[in-house]
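> Starting from these lines, generate the structure:
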Amino acid sequence: MKPVKSKTRIASERKVAMLSRWLHIYGSMISFAIVFFFSVTGITLNHPDYFAGELKTTQEKGKMDSNWVISKDTNKIAKLTIVEYLRKNHHISAAVSEFRIDDGQCTVSFKGPGYAADAFINRENGSYELTLLRAGMIGIMNDLHKGRDTGSKWSWVIDISAVLLVLVSLTGMILILYIKRKKWSGLIMALIGTLLLWLLYKMFIP
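Next up is the predicted model:
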């Protein structure tokens, strides 16, 4: 004989089910674009030969004030002025990833999703060469997926996206527990999926 559930327990279970359903539905809707984006870029990353994208490289030359770079005291190199000059004159919006000072030249590198700019500045006369690399929309999307050269704020976006996906998965699992007709079949399918993933790992990964 099955034990009779109290009204309090039944009410609690209904609240959990309703909350899980609400979180699952609206979590799924909020994360729809996120799931779609990471799914598509997962394919483009896994098949780079088919989704290489457009890689465009251009070179530009220029000359800046030699007083900014000529000083032997590296502490007197006008780093901020140089960076802002390059940004303004070459429409660079990416973050600075490196500013290296050698005896004969300064190297300034900018990195962003699907984008790179490297300036090589002659310290004697202020002349420079700038190499710009643009990877196109697919390259940008792939870098956003990997979080490469995207900064700390986008890192938070990735973390929040992961939390949303975990929430949707867990609430879906909780919901199936409250659907009597689908409970065991759903749990069995979840177990089969987990075992299948483990088997694929053992088969394909040396």
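
> Longest helix in this protein, by number of residues?
helix 151-177 (DSSP state H).

> Tell me the buried residues in that one?
Across helix 151-177, burial judged by 16 or more other Cβ atoms under 10 Å covers 158, 161, 164-165, 167-168, 171-172, 174-176. Heads up, the C-betas are built off the backbone N, CA and C, glycines and all.

> My read is that G62 contacts N122, right?
No: assessed by Cβ atoms under 8 Å, G62 is found out of contact with N122, at 11.0 Å.

> Between the two, which contacts overlap?
Shared contacts of G62 and N122 (Cβ atoms under 8 Å, 6 or more residues apart in numbering): Y128.

> all helices for the protein, in order.
Going by DSSP H, the chain shows helices at 7-30, 32-46, 79-90, 136-146, 151-177, 180-204.

> closest one to G53 among those?
G53 sits nearest to helix 136-146 of all the helices of the chain, at 3.3 Å, using Cβ to Cβ.

> residues making contact with the closest one?
For helix 136-146, using Cβ under 8 Å, 6+ apart, the contacting residues are 37-38, 40-42, 44-45, 51-56, 112-115, 135, 149-150, 154.

> Recalculate using a threshold of 6 Å.
Under the criterion Cβ atoms under 6 Å, 6 or more residues apart in numbering, residues 41, 44-45, 51, 53-54, 113-114 lie in contact with helix 136-146.

> what's the answer for stretch 38-48, then?
Here stretch 38-48 has contacts from 51, 138, 141-142, 145, using Cβ under 6 Å, 6+ apart.
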